[in-house]
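Novice: Sequence first, predicted coordinates after that:
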Amino acid sequence: MPGGRLTQQERQQIALGLADGLAYAEIARRLDRPTSTITREVMRNGGPTAYRADLAHRATEHRARRRAQTATRDPRTPPRSDGRDAEALRAYEEVFTTVLMGSGLPKMMSRVLTCFYTSDTGSLTASELVQRLQVSPASVSKAIAFLEGQNLVRRERDERRRERYIVDDDVWYQSMMTSARSTAELVETARQGVGVLGADSPAAARLENIARFLDFVSESIARAAEQAREILHTKVEPASEEAAEPPADRREAAVRGT
């Protein structure tokens with residue numbers, strides 16, 4: 001019987017088994033593992049309906065890395081120049097990346113986006129990302145292309161004519177508007193199908209219900225994004241002393257209740 005931690009391939013087999021409705025015991029038998037191992041693996045990683053092999057494997061690696069860092073921590077390690085706890089920052093980046101993956105972003109795209117969010121400048125070059133993540137330039141290029149397509153990053157040239165990739169306060173607004181436009185396009189396509197299938201058919205009724213639902217969602221997303229952008233980007237002017245401090249006669253009247 002094999003020992004040690006579950007491999008990524010075994011976790012993929014667990015996910016396939018759960019999707020096929022297999023019992024834990026049957027999955028364990030196929031992997032030649034104890035049933036308790038499979039049960040514990042599934043329950044600590046979202047349960048049978050939410051288990052994902054890639055997220056489960058990443059979570060296990062993260063736990064192992066944290067245990068190793070704790071065991072080898074050297075109290076004499078010099079602090080970062082910015083005063084931050086390097087281990088705490090790495091742990092937070094792991095958590096943030098895992099959350100982004102859970103929202104549907106692929107692993108490398110999640111890692112790249114986390115780099116931007118945890119950078120004070122919010123601006124990095126491709127070479128800086130390669131060095132920070134220790135991955136190939138091709139991996140970074142692919143991730144950046146995907147994120148640009150989702151309007152989650154934008155590019156510009158710096159004073160040295162290098163391409164820099166940037167996230168700023170407007171990035172989520174642009175991303176939400178892109179999502180709203182994509183949803184609106186799906187609404188239009190669904191309604192085209194109503195005419196093709198015949199308005200009285202069950203399939204057409206299904207498409208019309210989809211279109212009505214998504215149309216409402218798309219409009220709500222766009223409206224909420226516009227409102228949030230207006231509120232969050234509005235600078236509140238400090239009140240003048242005269243406005244902040246009511247005149248003495250008004251203060252006295254307020255005290256008297258008149």
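Specialist: Nice, I can see it.
Novice: switch to C-alpha atoms for all contacts and neighbour counts from now on
Specialist: Fine.
Novice: ok, and the closest non-adjacent residue to the most centrally placed residue in the chain?
Specialist: Centroid-nearest residue in the chain, with Cα atoms, centre = their mean: residue 100, separated by 2.7 Å. Spatial nearest neighbour of residue 100, excluding adjacent residues (Cα to Cα, 6 or more residues apart in numbering): residue 110 at 5.6 Å.
Novice: Using the three-state scheme, assign the one you found.
Specialist: State at residue 110, reduced to three classes by DSSP: H, G, I helix; E, B strand; the rest coil: helix.
Novice: surely it meets residue 103?
Specialist: No. Between residue 110 and residue 103 there is no contact under Cα atoms under 8 Å: 9.6 Å.
Novice: okay, those two: which has more neighbours?
Specialist: residue 110 (23 against 10; other Cα atoms under 10 Å).
Novice: Report the separation between the residue nearest to the centre of the chain and residue 54.
Specialist: Note on residue 100: its distance to residue 54, by Cα to Cα, to the nearest Å, is 12 Å.
Novice: What about residue 108, how many residues nearby?
Specialist: Residue 108: 18 surrounding residues under other Cα under 10 Å.
Novice: Likewise for residue 140?
Specialist: Neighbours of residue 140 (other Cα under 10 Å): 22.
Novice: Also the one 5 residues further on?
Specialist: Other residues lying near residue 145 total 14 when counted by other Cα under 10 Å.
Novice: can you check residue 176 too?
Specialist: Neighbours of residue 176 (other Cα under 10 Å): 20.
Novice: isn't it right next to residue 222, touching?
Specialist: Yes. Residue 176 sits in contact with residue 222 when judged by Cα under 8 Å, with a separation of 7.2 Å.
Novice: quick one: average pLDDT of whichever strand or helix holds the residue nearest to the centre of the chain?
Specialist: Residue 100 is part of helix 86-102 when elements are defined by DSSP states H and E. Mean pLDDT, helix 86-102: 85.
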